[in-house]
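*Asks:* Provide a 3D model corresponding to the input given below.
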Amino acid sequence: MKIALPQFVSHSENEMNSVLNFEVCGNESVKEGAQNVITISLCMIVKNEERTLARCLDSVAGIADEIVIVDTGSSDRTMDIAAQYTDQVYTYEWKEDFAAARNESFAKATQEYILWLDADDVLLPAERAKLAVLKQQLPSEGETEAVILNYTLAEGPEGSPLVTDRRLRLVKRNAGCRWHGRLHEQLSFPRGEVLTADIAVTHRREAGHHSARNVRILRKWIAEEGVAQGRLLFYYAGECYDRQHYAAAARGYAKLLEQPSGYREDCLIACARLAECYERLGEPGRKLGALLQSFQYDLPHADFCCAIAACFHERQEPVPAIYWYMQAVDVSSRDPGLRPVPVACRTWLPHARLSLCYAHLGNWEQALMHNTKAREYLPDDPGLLANRQKLEVVVRKEMKEREERGEVSPRK
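*Replies:* Here you go, the predicted model:
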């Protein structure tokens, strides 16, 4: 399988020391004695977003007490659409710096908390309802300085999440959180309490590519810095990867992983993308090495275990493939941190592949068991249903033969 991971907002481990899990639950207050409901400023930067802006703003109706929109140079109807929702629409001279533009939008906010979105993000109705409950539960002037929300980066045919991430999405205005980085900007974590909530923002990107713009910003940034290293090197390799320049991307990611320090999530994504580059370049041995290198930065995660298993599966080596798919099952609940992960690797995929591996070995009962577990996630999948029928026929035949040989007692 291929693990191709999108961009993300990262953080250092010491920034997460005070992160707490939070469950949205009815109308009860998250802290005793909460009296006042928090207020929220929605802050956005936009440019030529006439196709998506209204959809985004409609999806958060009733959540924001204030909407701040900073336009960085639209030539379409974006500003007219924005004016239908708020009178706080500002123009901003674009400086090839996304962090600067986002900080400008934050500076215009006046409410207690700031929620940020892109124009091609939406809150689905169920998620908007949960965010409304969270707004009621967080105490005004309380200790919580930020909230991390889920981010669905890709959806299946029926809207089910395919790739998910998490982002620092809601921050207290006076917590000192600022954006950093001209491209693929990151929001700094506050020093105080950070909650994680099971609420998802969904990214629904319209057609359009920004590769030329990103390369232009990167070239200017690298020229000013004099060298590409650290996060700048990470972004450079990412642009090469997105443009399918896999040899250049591989060199960039490999160089990044040679550096002594860096964000954990950057290193994990670099390992995954380096492995993908090597596959594209026809170097399967180096692909496996890149995946195993991820264990230098964290404990095994389900997506890496599935990718390692796939290497052996493709070699027609079912025994080691089974080992690694089972590892994926065992660690499926492990928190992947703030990085994108394919949902399939944590749910149905390892079971579906285990079913195939056990069938290859002639262990039909195990193959059927894992097919059953995979169908718990995808009950209507045609491939899984077809395999179930075949496996049930073989298992019944095998059981009958064992009964005839006297190895098991006949079933009543």
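*Asks:* okay, CA-based contacts and neighbour counts for the rest of this
*Replies:* Will do.
*Asks:* Buried ones in stretch 376-384, by neighbour count?
*Replies:* Applying a neighbour-count criterion of 16 or more other Cα atoms under 10 Å, the buried positions in stretch 376-384 are 378, 384.
*Asks:* Could the C-alpha coordinates of that stretch be exported in PDB?
*Replies:* Output of stretch 376-384 as PDB, limited to C-alpha atoms (Å, rounded to 0.1, in the frame of the first residue of the first chain):
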ATOM      1  CA  GLU A 376     -17.500  -4.700  10.900                       C
ATOM      2  CA  TYR A 377     -16.100  -1.500   9.400                       C
ATOM      3  CA  LEU A 378     -17.200  -2.100   5.800                       C
ATOM      4  CA  PRO A 379     -20.300  -4.300   6.000                       C
ATOM      5  CA  ASP A 380     -21.400  -3.700   2.400                       C
ATOM      6  CA  ASP A 381     -18.000  -3.800   0.700                       C
ATOM      7  CA  PRO A 382     -18.400  -6.000  -2.500                       C
ATOM      8  CA  GLY A 383     -14.900  -7.500  -2.300                       C
ATOM      9  CA  LEU A 384     -15.200  -8.500   1.300                       C
END
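*Asks:* Give me the distance between that stretch and the centre of its chain.
*Replies:* Centroid separation between stretch 376-384 and its chain, computed with Cα atoms, centre = their mean, to the nearest Å, is 24 Å.
*Asks:* what is the mean pLDDT for that stretch?
*Replies:* The average pLDDT within stretch 376-384 is 95.
*Asks:* same check, this time on stretch 388-402
*Replies:* Computed over stretch 388-402, the average pLDDT equals 90.
*Asks:* Identify all contacting residues around it.
*Replies:* Residues outside stretch 388-402 that contact it (Cα atoms under 8 Å, 6 or more residues apart in numbering): 364-365, 367-368, 371-372, 408.
*Asks:* Narrow these to those that are buried.
*Replies:* Buried residues within the contacts of stretch 388-402, counting neighbours by 16+ other Cα under 10 Å: 364-365, 367-368, 371-372.
*Asks:* So which of these are in helices?
*Replies:* Of the buried ones among the contacts of stretch 388-402, the ones assigned to helices by DSSP state H are 364-365, 367-368, 371-372.
*Asks:* On the pLDDT front, check the residue lying closest to Leu131 once chain neighbours are set aside for me.
*Replies:* With Cα to Cα, 6 or more residues apart in numbering as the criterion, Leu131 has its nearest non-adjacent residue at 6.7 Å, and that residue is Ile199. We note a pLDDT of 97 for Ile199 in this prediction.
*Asks:* Check Arg273 too.
*Replies:* pLDDT for Arg273: 96.
*Asks:* ditto for Gln229
*Replies:* Predicted confidence (pLDDT) for Gln229: 82.
*Asks:* nearest residue to it other than its sequence neighbours?
*Replies:* Here the residue nearest Gln229, using Cα to Cα, 6+ apart, is Leu256, at 7.0 Å.
*Asks:* Where does the one you found sit, in terms of helix or strand?
*Replies:* helix 246-258 (DSSP states H and E).
*Asks:* tell me what whichever helix or strand Asp266 is part of is packed against?
*Replies:* Taking DSSP H and E as the definition, Asp266 sits inside helix 264-280. With contacts taken as 3 or more Cα pairs under 8 Å, 6 or more residues apart in numbering; DSSP states H and E, helix 264-280 sits against helix 230-242, helix 246-258, helix 284-293.
*Asks:* got the angle between it and helix 284-293?
*Replies:* Here the directions of helix 264-280 and helix 284-293 differ by 170 degrees (axes from the mean of the first three to the mean of the last three Cα atoms, to 10 degrees).
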